[in-house]
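[1] need a structure here:
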Amino acid sequence: MPGAVVPRPRQGRQGAAEKTTGRQPSPVMVHRAGAARMRDAGCMCGGGSMKRSAGESEQQAKKQKLLEEIGESWLPYLTPRDAEFYQLWKTKYSKLILRTSDTVPKELHQVVQDAFLTLQKHGCLFQDLIRIKGKDCLTPVSRILIGNPGCTYKYLNTRLFTVPWPVEGSKIKYCNPEMFDACKALMKLNDYLYNETVQALKEQSLSETKETKDAAVTNKEQDFSTCVEGERTILEDQSSSYVPRTDCINLKSKTPYNLTLLNYMDPLQMLYLKQEPYFGMGNMAVSWHHDENLVERSTVAVYSYSCKDPVINRNQLQDLRGRDPAVWHVGLKIAWDIKTPGLALPLHPGDCYFMLDDLNMTHQHCVLAGWPPRFSSTHRVAECSRGTLDYIFRQCETALQNLQDDSESVALSLKSLEVTIVKEVEGIHNEVEFEWLRQFWFQGKRYRKCTDWWFEPMAKLEEFWKKMEIMTSLVLSEVGKEECTMEQRNEIVSCFLPFLTERQELRKEWTARWI
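    Numbering: from 1, shown residues only. Sure, this is the predicted structure:
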């Protein structure tokens, strides 16, 4: 209703309406400042890492400033029930594209939804344990990563390892035929969403080209008063006479998705869901965030499937005066902007939405929980330059080149004690242990429920690590020898010690997580 567009005092939102329902005041009222707000930017449970970076501190400062500017009022947001909704969508959120379920092939719906249920039946969806401010936190959303063999995806300092989908030429042994069918279905969905993405980017470019030409002819701003009716797509079909500008369609935006992060949540089984803190949008399944560790300006595509609504008396629930609390929504806002209203887009079973080009960089999004359980498949172009098996094996090969492995002798030795080589080897040593081995084994044997694909390469990686442990001992041994001059010793130790110190600190932290 239009009332959602007007900022409202927070005190008023917990007044009469809540008294009539008998519900307690929203947690967002009680915890409107401090730690509850600090969690807002994290994808699931919040932000945080083993070592907080300067970037995270800057982001927290921005959030705090934003909260101070908001004061005691809600920011405005629009839903399709508001007359200005489509106008706002077209002018401020035009790179958010919706394809409703009736535009997706029925046979694709069937195999994808069967895949979701298969993964759930076999217990393949897990809550991730995330390290936040020195403490472990389970994500409210259960998930699994499926994608190209050997790929990983890191978020909130947790590295997930793909259950490989059956790409051509791969030899993957799945635990059962159903698992093969599920991964194959999601790869099929991946191909479909990629084709839709390419088409949407072309339409986006055509639309921008047309607006540029119209502006040049009329010497005035494009009239946006006529907007697309309905939710099928926010882009108008453009005449083929318009040629896309080469600078509009970024090549990286058209890179095929290399993995999908599947999510599942049943809101009614959750003891607590965070409240959306800025607009009063209600329960959140995923907090405001930018998706991280993606190729710059790459599109994110999402297939959403919420199960049948449970039988609940809607009149007994708090009136949010905006979005329907029974329906799942994706919420969007311009990052750190309090002037532009937010957007809450309803998601019905089988709908797909796309965040094109740089939308994930300029805007933040959240997922607003409805009543029924929901699956989603979020397809991404993960930044994998340092996140594939091929990469880490190459790193190991580089490090082990400094190990003199004489087959005729039992003793091992180092080829060089040059400072730059020692630093490189010890850096790789830490990377293998803390970015790969400990990340993989800390998550337990979850991957065995789907496939044993990862266990052989991880065993090989562990053998490489053992050799690097020996190389560390050899450096210490060489430094202690009498023939090593004081100058050489000081030079090696000064470059060597920071890696050992970091290794010791991280081992303590990881050990504490196991207890």
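
[2] so residue 196 makes contact with residue 354?
    Yes - applying CB atoms under 8 Å as the test, residue 196 and residue 354 come out as touching, 7.1 Å apart. Heads up, the C-betas are built off the backbone N, CA and C, glycines and all.

[3] more neighbours, these two?
    The residue with more neighbours, out of residue 196 and residue 354, is residue 354; 23 against 18, by other CB atoms under 10 Å.

[4] Output the top strand by length along the chain as CSV, restricted to C-alpha atoms.
    When the chain is parsed with DSSP state E, its longest strand is strand 135-147. In CSV, the C-alpha atoms belonging to strand 135-147 read as follows (Å, rounded to 0.1, in the frame of the first residue of the first chain):
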residue,chain,number,x,y,z
LYS,A,135,33.4,-16.9,17.4
ASP,A,136,31.8,-19.6,15.3
CYS,A,137,28.3,-19.1,13.9
LEU,A,138,26.1,-21.4,12.0
THR,A,139,24.4,-19.9,9.0
PRO,A,140,20.6,-20.0,9.2
VAL,A,141,20.5,-21.1,5.5
SER,A,142,21.6,-24.7,4.6
ARG,A,143,23.5,-25.0,1.3
ILE,A,144,25.7,-26.9,-1.1
LEU,A,145,28.1,-25.8,-3.8
ILE,A,146,27.8,-27.5,-7.2
GLY,A,147,29.9,-26.5,-10.3
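
[5] after it, next one along is what?
    Using DSSP states H and E, the helix or strand that follows strand 135-147 in sequence is strand 152-155.

[6] Please name the strands paired to that following strand in the sheet, noting orientation.
    If you go by DSSP bridges, strand 152-155 pairs up with strand 158-161 (antiparallel).

[7] ok, residues contacting the partner strand?
    128-131, 143, 145, 152-154, 261, 387, 435-436, 439-440, 443, 447, 454 (CB atoms under 8 Å, 6 or more residues apart in numbering).

[8] switch to 7 Å and redo it
    128, 130, 145, 152, 153, 435, 439, 440, 447, 454 (CB atoms under 7 Å, 6 or more residues apart in numbering).

[9] circling back to that earlier point, hmm, who's touching the longest strand of the chain?
    Contacts for strand 135-147 (CB under 7 Å, 6+ apart): 44-45, 119, 124-130, 153, 160-163, 165, 183, 186, 258-265, 270, 285-286, 513.

[10] Now, these that are in strands?
    Residues of the contacts of strand 135-147 located in strands (DSSP E): 126-130, 153, 160-161, 163, 259-265, 285-286.

[11] Domains in this structure, by residue range?
    Here the domain parsing of the chain from automatic domain parsing is 77-380, 389-514.

[12] Can you get me the start-to-end distance on the longest one?
    It refers to domain 77-380. Terminal residues of domain 77-380 are spaced 27 Å apart (CA to CA, to the nearest Å).

[13] Pull up the pairing partners for the longest strand of the chain, direction included.
    Note on strand 135-147: by DSSP bridges, its sheet partners are strand 126-132 (antiparallel), strand 163-164 (parallel), strand 259-265 (antiparallel).

[14] Quick check: buried residues in it?
    137, 139, 140, 141, 142, 143, 144, 145, 146, 147 (16 or more other CB atoms under 10 Å).

[15] Quick one: mean pLDDT for it?
    For strand 135-147, the mean pLDDT works out to 91.

[16] which residue ranges form the helices in the stretch 101-250 of the chain?
    Taking DSSP state H, counting those that start in this stretch to define them, one finds helices in the stretch 101-250 of the chain at 106-121, 177-218.

[17] Mean pLDDT and distance to residue 327 for those - can I get that in JSON lines?
    Below are those laid out as JSON lines (pLDDT from 0 to 100; distance: least, CB to CB, whole Å):
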{"stretch": "helix 106-121", "mean pLDDT": "98", "distance to residue 327": "18"}
{"stretch": "helix 177-218", "mean pLDDT": "86", "distance to residue 327": "22"}
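
[18] now those helices in CSV, with distance to residue 89?
    Below are the helices of the stretch 101-250 of the chain laid out as CSV (distance: least, CB to CB, whole Å):
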stretch, distance to residue 89
helix 106-121, 25
helix 177-218, 13
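
[19] Okay, now the unreliable bits of this structure?
    1-60, 66-67, 132, 134, 209-254, 309-321, 406-410, 515 (pLDDT under 70).

[20] still on that earlier bit, ok, of the contacts of strand 158-161, which one's closest to residue 473?
    residue 435 (21.8 Å; CB to CB).

[21] so who does the closest one touch?
    Residue 435 is in contact with residue 159, counting by CB under 7 Å, 6+ apart.

[22] Phi and psi next, for it.
    The phi/psi pair for residue 435 (degrees, to the nearest 10) reads phi -100, psi -10.

[23] all numbers from here: first residue = 12
    Done: numbering now begins at 12, and the last item shifts to residue 446.

[24] That one and residue 159: what is the separation?
    Separation of residue 446 from residue 159 (CB to CB, to the nearest Å) stands at 18 Å.

[25] Quick one: the strands in the stretch 412-526 of the chain, in order.
    414-416, 423-425 (DSSP state E, counting those that start in this stretch).

[26] Quick one: those strands as JSON lines, columns for distance to residue 186 and mean neighbour count too.
    JSON lines is the format used below for the strands of the stretch 412-526 of the chain (distance: least, CB to CB, whole Å; neighbours: other CB atoms under 10 Å):
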{"stretch": "strand 414-416", "distance to residue 186": "37", "mean neighbour count": "13"}
{"stretch": "strand 423-425", "distance to residue 186": "39", "mean neighbour count": "15"}
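
[27] mind putting those in CSV, distance to residue 106 included?
    Formatted as CSV, these follow (distance: least, CB to CB, whole Å):
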stretch, distance to residue 106
strand 414-416, 50
strand 423-425, 53
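
[28] now for those, which one comes closest to residue 112?
    The nearest among the strands of the stretch 412-526 of the chain, by CB to CB, is strand 414-416 at 57.0 Å.

[29] What helices and strands are in contact with that closest one?
    strand 423-425 (3 or more CB pairs under 7 Å, 6 or more residues apart in numbering; DSSP states H and E).

[30] The strand it packs on - contacts with which helices or strands?
    Short answer (3+ CB pairs under 7 Å, 6+ apart): strand 423-425 packs on strand 414-416, helix 466-490.
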